[in-house]
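S.K.: sequence unavailable; structure follows:
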């Protein structure tokens, strides 16, 4: 279990996160009542928190499928993160159904908007995608996605708890067997969810790589969050005995890998569209021109190249204090990435920095992020910080010690 000092730290952080969450939501709702940016900001803030929750489930399945010593130290963090999915399901329903019914965040859901002069292309594209982009399918798919994710979350958390209690290796076999199947379903459902929830904010745009971008963005966010939590909790207790500079090096490599992967996925659609040189495909990038060009430059310089340069150096990845600072920086830049990918699709944000949307987005990130962190910390306190009777753990750490000695 967490030590008494760690429990006090967690409880103190819970109180702060609840305060920040309430204040952020008050700002967002207060400004949103007088502008049309309420659901615009809430959607971006929600997707950031959702990325952490769903990537926790992905990390948990990856751990049981092929994990090593690095994944055992974050197993409880991943399990606690996955158990935030029920709360994310409820909040997501309020945000997305509200966005579809009471705003123009999803143009395909607004018949009056589609009928306006100048929206012929949007109307035409929505008609072609009518079988997928309509409210009935949107609602049904939303609950199907979460039914699948929650089923896997409950199964893995239940088997893990039983393994702690009994030490029966049959639960290890179950988790490994279902993790492979779960990873396939995870990629498929995340691809459709990304299309429904994010890419459809501009129904004229289409990209088969969009789902992979959302998976990579969430995975990078979760790796950064794991580093932050490990460096915060590993000063004492069981984690202090298991964590080594080599473990942090593994996480630094993962952060570097996902940064490069995210960069590739972000650039690839532009390269393909530029090479195709088809006018009907460039609207998405035209919406990100004008006063949004500085944001693009920031993305390239400070979200792509800067973290990649910092994470190429081994000394930065083996120093927990330095790696924590890099993780906080990269996690913060996820807000810019999400804003650039989603906000310009809103009609009032085309090729411009719309300040009400920016303020609502920051308020929603603070509000929903604070509440998500409160739920996460509540779940983290429920179980021991390390697995109790998993025979794989000792074997993995013996290999880690042998590697470090060599």
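M.R.: That came in fine, so what should we check first? Only a predicted model underlies this, so the values are computations on that prediction, with no experimental measurement involved.

S.K.: and the pLDDT at residue 227?
M.R.: At residue 227, the model reports a pLDDT of 96.

S.K.: ok, it to residue 234 distance?
M.R.: 10 Å (CB to CB, to the nearest Å). Just so you know, the C-beta spots here come from the backbone N, C-alpha and C atoms, and that holds for glycine as well.

S.K.: who's more crowded, those two?
M.R.: Neighbour count, other CB atoms under 10 Å: between residue 227 and residue 234, residue 227 has more, with 26 against 20.

S.K.: list the buried residues for the host helix or strand of the more buried one?
M.R.: Using DSSP states H and E, residue 227 falls within helix 210-233. Residues 210-231, 233 are the ones in helix 210-233 that count as buried (16 or more other CB atoms under 10 Å).

S.K.: one more: stretch 84-91?
M.R.: Result for stretch 84-91 [16+ other CB under 10 Å]: buried residues 84-89, 91.

S.K.: phi first, then psi, for residue 203.
M.R.: phi -70, psi -10 (degrees, to the nearest 10).

S.K.: right, I mislabeled it, should have said residue 204
M.R.: Here residue 204 shows phi and psi, under degrees, to the nearest 10, equal to phi -80, psi -10.

S.K.: quick one: it from residue 346, how far?
M.R.: Applying CB to CB to residue 204 and residue 346 gives a distance of 13 Å.

S.K.: common neighbours of these two, please.
M.R.: Shared contacts of residue 204 and residue 346, defined by CB atoms under 8 Å, 6 or more residues apart in numbering, are absent.

S.K.: what residue ranges in the stretch 1-150 of the chain score low on pLDDT?
M.R.: Counting by pLDDT under 70, the stretch 1-150 of the chain contains low-confidence residues at 113-129.

S.K.: just checking, residue 242 touches residue 75?
M.R.: No: at 11.2 Å, residue 242 and residue 75 do not qualify as touching, with contact defined as CB atoms under 8 Å.

S.K.: quick check: neighbours shared by the two?
M.R.: Shared contacts of residue 242 and residue 75, counting by CB under 8 Å, 6+ apart, come down to residue 386.

S.K.: skip the chain neighbours and tell me the closest residue to residue 388.
M.R.: Nearest residue to residue 388, sequence neighbours excluded (CB to CB, 6 or more residues apart in numbering): residue 164, at 4.2 Å.

S.K.: could you do residue 189 as well?
M.R.: Once flanking residues are discounted, residue 189 sits nearest to residue 145: 5.1 Å by CB to CB, 6+ apart.

S.K.: distance check, the one you found against residue 99.
M.R.: 16 Å.

S.K.: from the contact counts, what lies against the host helix or strand of residue 144?
M.R.: Here residue 144 sits within helix 135-166, counting by DSSP H and E. Judged by 3 or more CB pairs under 8 Å, 6 or more residues apart in numbering; DSSP states H and E, helix 135-166 is in contact with helix 38-66, helix 75-82, helix 85-102, helix 170-197.
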